[in-house]
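**Student:** Pasted the sequence and its predicted model underneath.
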Amino acid sequence: MKTARLLALALLAGCSGGDNSTPTGSASIPDGTFARIQRDILTPSCANCHRAGDSNARLSQLILTADSSYQQLVGVPSLQTLAKADGILRVKANRADSSLLYHKLAWIPGHHSRDYGNLMPMGTTRSLTAGQLEYVRRWIEAGAPRTGHVVDTTVLLDARTQTASFTPLPAPAAGTGIQLGVDSFAVTPNLERELFVYRRLNNASEMYVTRIQSRMRPGSHHLLLYTFDESRTTFPCNTRPIPDLVRDLRNPDGSQNLLNMLPMACHVFFAGAMTPEFDYSFPPGVALRLPANAALDFNVHYVNRAPINIPGQAMANLYTAPRSQVQTVARSLNLANTTFTLPARQRSTIRTQFPMSARTTVLGLTSHMHALGERYEIRVRRANGMETSVYMNTDWEHPAFINFSTPIVLEVGDALVSVVTYNNVTDRAVGFGLLSTDEMNIIFGYAY
């Protein structure tokens, strides 16, 4: 492996075998919050590798022994490739969210929207306790001082494993809708898992969906529901997946499962969310329609940056109304550019126009990009050339969904325009693909 790549991966690298627990016994506790972080965390868990003369220290240019750690952490720019591009410091006083040390120590599922290399301590399946992580976070938020007690040590009593809570989504009351879901599944360390489950709705008559609600466990990237293009009658679109069978898009070694990918060629986007919590209601009298005996392909995607398994789980509620209450049948928007290429080591902005072939009333919009995406803007371009920005997002993993209180009316010849800025910090050209290390450029939404 090239030295430059080793440097990118090795920043803040720790060693396996360190004891991450808070020491007990009669030994006196060093004075000050940072001194305790050094004694209880950095020295036993990190300094064995980050010491003068060690190869990890040479590659990362980081020494974490007591005589050097503070001056090499606080206020010092990161050398990790993506963190450096993002302007992240090793420790930024008052800003744990902009401190690489905190990102490296946080194994909380769903915490990592950017890939800043291996989590620490490296080479172990044991993270800091929830209390130790909170102790470090509060020290940074208190200004990361070198001396003085700035964090209450009682937080260290929390010896739980780092985790994020999850409460299952309550199902709709009888007669008001249905719930679909994917039961809890494991996402293996340092990999991504994307899967489909084909769910029959068992509806004897057509359904009109007026509200969509969903919830995902932390670590999620998206939840999408698909119907199938009924107009396509050749293979693979003339068959349907086996109901309730989990179909992984990748094999255990991370390679693509081509057989399970075939149904994707026939999918029609019905609904979905990229945020852990989602709740959208259509305007009064507007609904999505599902035919009798419908089924939906339930798709979830998780990214696990941690060296331990994390659980994935997702559920969606479809609330319905009688046909007599529906005056307008809505449809989903799925506008994608799949043909772009992002040159290596370069920031690129991709502009794509999606012209309207019929009068279209847009109710809400969201965006979909991956980890190299920095900024996703959606504009309305009128036939006379005038443009107006209607949507802006900088969070690739959990983009906002914008609900327009006054719907946007597009005439024939008008267009929605995506203007997406990517920062490809890698050494390879990147194009459209399914992994978070590939890229995407999609507008999702609802309209009629």
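**Tutor:** Structure received. Residues are numbered from 1 along each chain as shown.

**Student:** okay, CA-based contacts and neighbour counts for the rest of this
**Tutor:** Noted.

**Student:** in the lengthiest helix in the chain, what counts as buried?
**Tutor:** The longest helix of the chain (DSSP state H) is helix 130-141. By 16 or more other C-alpha atoms under 10 Å, the buried positions in helix 130-141 come out as A130, G131, Q132, L133, E134, Y135, V136, R137, R138, W139, I140, E141.

**Student:** quick check, nearest of the residues you listed to L290?
**Tutor:** Nearest to L290, judged by C-alpha to C-alpha, of these is A130 at 45.1 Å.

**Student:** ok, the closest one - contacts?
**Tutor:** D158, A159, R160, T161, Q162, T163 (C-alpha atoms under 8 Å, 6 or more residues apart in numbering).

**Student:** what about the second one, how many neighbours?
**Tutor:** Each residue near A159 was counted by other C-alpha atoms under 10 Å, and the total is 14.

**Student:** ok, now the fifth one?
**Tutor:** Around Q162 there are 19 other residues, counting by other C-alpha under 10 Å.

**Student:** Now it: closest residue in space that isn't a chain neighbour?
**Tutor:** Spatially, and ignoring its direct neighbours in sequence, Q162 is nearest to A130 (4.6 Å; C-alpha to C-alpha, 6 or more residues apart in numbering).

**Student:** likewise the first one?
**Tutor:** The spatially closest residue to D158, leaving aside those adjacent along the chain, is G131, at 4.5 Å (C-alpha to C-alpha, 6+ apart).

**Student:** do the same with the fourth one
**Tutor:** Leaving out its chain neighbours, the residue that sits closest to T161 by C-alpha to C-alpha, 6+ apart is T129, at 5.3 Å.

**Student:** Could you check how far the one you found is from L156?
**Tutor:** Between T129 and L156 the distance is 8 Å, computed by C-alpha to C-alpha, to the nearest Å.

**Student:** Compare these two (neighbour count), which wins?
**Tutor:** T129 (23 against 18).

**Student:** Surely the more buried one and L157 touch.
**Tutor:** No. Counting by C-alpha atoms under 8 Å, T129 does not reach L157; the two are 9.2 Å apart.

**Student:** re the thing from before, mind checking how far the longest helix of the chain is from the chain centre?
**Tutor:** Relative to its chain's centre, helix 130-141 lies at 23 Å (C-alpha atoms, centre = their mean, to the nearest Å).

**Student:** Show me the protein divided up by domain.
**Tutor:** When the chain is parsed into structural domains using automatic domain parsing, the resulting residue ranges are 3-157, 168-326, 329-448.

**Student:** Now mean pLDDT too, for those domains, in CSV please.
**Tutor:** Output for the domains of the chain, formatted as CSV (pLDDT from 0 to 100):
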stretch, mean pLDDT
domain 3-157, 78
domain 168-326, 94
domain 329-448, 95
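
**Student:** Then Q38 would be within a helix, right?
**Tutor:** Yes. When classified by DSSP: H, G, I helix; E, B strand; the rest coil, Q38 is found to be part of a helix.

**Student:** hmm, back to that, state the distance from the residue nearest to Q162 to M120.
**Tutor:** Per C-alpha to C-alpha, A130 is found 14 Å from M120.

**Student:** got it, and T176?
**Tutor:** From T176 to M120 the distance is 47 Å (C-alpha to C-alpha).

**Student:** returning to that earlier point: of all the buried residues of helix 130-141, which comes closest to V150?
**Tutor:** Comparing these against V150 with C-alpha to C-alpha places W139 closest, at 6.5 Å.

**Student:** contacting residues around that closest one?
**Tutor:** Going by C-alpha under 8 Å, 6+ apart, W139 touches T33, F34, P145, V150, V151.

**Student:** Widest-spaced pair of these?
**Tutor:** Using C-alpha to C-alpha, the contacts of W139 span at most 10.8 Å, a distance reached by P145 and V151.

**Student:** Could you report the neighbour count for the nearest residue to A321 once chain neighbours are set aside?
**Tutor:** Distances taken as C-alpha to C-alpha, 6+ apart place Y208 nearest to A321, at 5.7 Å, with adjacent residues excluded. Close neighbours of Y208, defined as other C-alpha under 10 Å, add up to 22.

**Student:** same for the host helix or strand of Y208, what does it pack against?
**Tutor:** Element membership for Y208 (DSSP states H and E) is strand 207-216. Helices and strands touching strand 207-216, by 3 or more C-alpha pairs under 8 Å, 6 or more residues apart in numbering; DSSP states H and E, are strand 277-281, strand 286-290, strand 310-320.

**Student:** Would you mind listing the outside residues contacting the first one?
**Tutor:** When you say that, I think you mean strand 277-281. T210, R211, I212, Q213, S214, R215, M216.

**Student:** try stretch 175-190
**Tutor:** Counting by C-alpha under 8 Å, 6+ apart, 171-172, 193, 197, 199, 201, 298, 302-321 sit against stretch 175-190.

**Student:** returning to what we had before: show me what contacts the residue nearest to D158?
**Tutor:** Contacts for G131 (C-alpha under 8 Å, 6+ apart) come out as V155, L156, L157, D158, A159, R160.

**Student:** on that earlier part again, and of the helices and strands packed on strand 207-216, who's closest to A47?
**Tutor:** The minimum distance between A47 and the helices and strands packed on strand 207-216 falls on strand 310-320, with 27.5 Å, by C-alpha to C-alpha.

**Student:** Give the buried residues for the one helix or strand Q71 maps to.
**Tutor:** Mapping Q71 onto the secondary structure by DSSP H and E places it in helix 69-73. Neighbour-count burial for helix 69-73 flags S69, Y70, Q72, L73 (criterion: 16+ other C-alpha under 10 Å).

**Student:** Stretch 226-245 too?
**Tutor:** So stretch 226-245, judged by 16+ other C-alpha under 10 Å, has buried residues Y226, T227, F228, C237, P241.

**Student:** before we move on, the earlier item: quick one: the contacts of strand 277-281 as CSV, columns for neighbour count too.
**Tutor:** Converted to CSV, the contacts of strand 277-281 look like this (neighbours: other C-alpha atoms under 10 Å):
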residue, neighbour count
T210, 25
R211, 19
I212, 20
Q213, 21
S214, 25
R215, 25
M216, 28
